[in-house]
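# Quick one, structure for this:
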Amino acid sequence: MSKYLADIGRKGGKASGRARMEKLTPEQRTAVARTAAAARWAKPVTQTDLQRQSALQVAEWTADRAAQMGAEDIKARLADGAALKPGKLTFNKKLKMATPAKKKTQDPEAAR
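A predicted model of the protein is given here:
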């Protein structure tokens, strides 16, 4: 029952927001947008936010360096005459990265 009421309320909120914006003049819409932007930027930055940002940057830099080192290692092995074994990769949207393609198992009934 509460999911139903939440859906109804959400629909009303979407409709009333659009109706409100349609009634405002362009100058009034600009003023509303400026007020909203000022409120977003006025939020204080906490020490936790700074630490989280720093940790994310370190993780990103570490991943970039690991990728660079891996590319250098691959180039060195190829230069030494290593055989090139092209593999099949697919992009995993959930993980947001390339992963080895899954091997398709043949269905015994489909082979008949």
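# Which parts of the chain are helices?
2-23, 26-41, 47-79 (DSSP state H).
# Could you report the distance from R40 to L24?
20 Å (Cβ to Cβ, to the nearest Å). Every residue, glycine included, has its C-beta placed from N, CA and C.
# Neighbour count for the two, which is higher?
Taking other Cβ atoms under 10 Å, R40 and L24 do not tie; L24 has more neighbours (12 against 8).
# Spit out the contact partners of the more buried one.
V32 (Cβ atoms under 8 Å, 6 or more residues apart in numbering).
# Relative to R52, how far out is the most centrally placed residue in the chain?
Per Cα atoms, centre = their mean, the C-alpha nearest to the average position across the chain is that of K96, at 7.6 Å. Using Cβ to Cβ, one gets 19 Å for the distance from K96 to R52.
# what do you get for S16?
For S16 relative to R52 (Cβ to Cβ), the value is 35 Å.
# do G70 as well
Distance of G70 to R52, computed by Cβ to Cβ: 27 Å.
# and what of E27?
Taking Cβ to Cβ, one finds E27 at 38 Å from R52.
# Compare those two (neighbour count), which wins?
R52 (11 against 8).
# where are the low-confidence patches of the chain?
1, 9-15, 84-86, 103-112 (pLDDT under 70).
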